[in-house]
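1. have a look; sequence and predicted model below, questions after that.
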Amino acid sequence: MPINKSNNTLLEQVQNSNLFKDSDKISNNKKLESTIVIKINEDHKKILENHFKNEKGLALSSGIRQIIFEYMKENNLI
């Protein structure tokens with residue numbers, strides 16, 4: 001997902017994208033366009049790990065976990 005510089009936050013782009021809707025597609029031979037690194041504190045990491053501990057085949061980078069955490073927090077899911 002290329003970053004759209006006209007949006008205010010990366011979170012808005014993720015909410016409006018199909019990032020999580022394409023989970024059934026096979027990702028063989030796909031190249032990453034970029035890498036996003038976001039540091040999160042240990043407490044937030046534990047919350048996300050506990051929330052997703054039973055998900056199989058869901059590899060999440062720390063950046064994606066941070067985006068999901070922000071979404072969950074803003075929508076009062078945690």
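-> On my side now, so go ahead.
2. tell me where the longest helix sits in this structure.
-> If you go by DSSP state H, the chain has its longest helix at helix 62-74.
3. what residues sit buried inside that helix?
-> 64-70 (16 or more other C-beta atoms under 10 Å). From N, CA and C alone the C-beta is placed, and that goes for glycine too.
4. which one of those residues is nearest Lys53?
-> Arg65 (12.3 Å; C-beta to C-beta).
5. give me the pLDDT for Lys45.
-> Looking at Lys45, its pLDDT reads 77.
6. so which strand or helix has it?
-> According to DSSP states H and E, Lys45 maps onto helix 42-51.
7. ok, now Ile40?
-> Per DSSP H and E: nothing holds Ile40, as it lies in no helix or strand.
8. list the contacts for Phe69?
-> 40, 44, 47-48, 78 (C-beta atoms under 8 Å, 6 or more residues apart in numbering).
9. any idea how far Ile67 is from His44?
-> Distance, Ile67 to His44, by C-beta to C-beta, to the nearest Å: 12 Å.
10. pick out the most distant pair among the buried residues of helix 62-74.
-> Maximum distance among the buried residues of helix 62-74 (C-beta to C-beta): 10.8 Å, for Ile64 and Glu70.
11. all set now, cheers.
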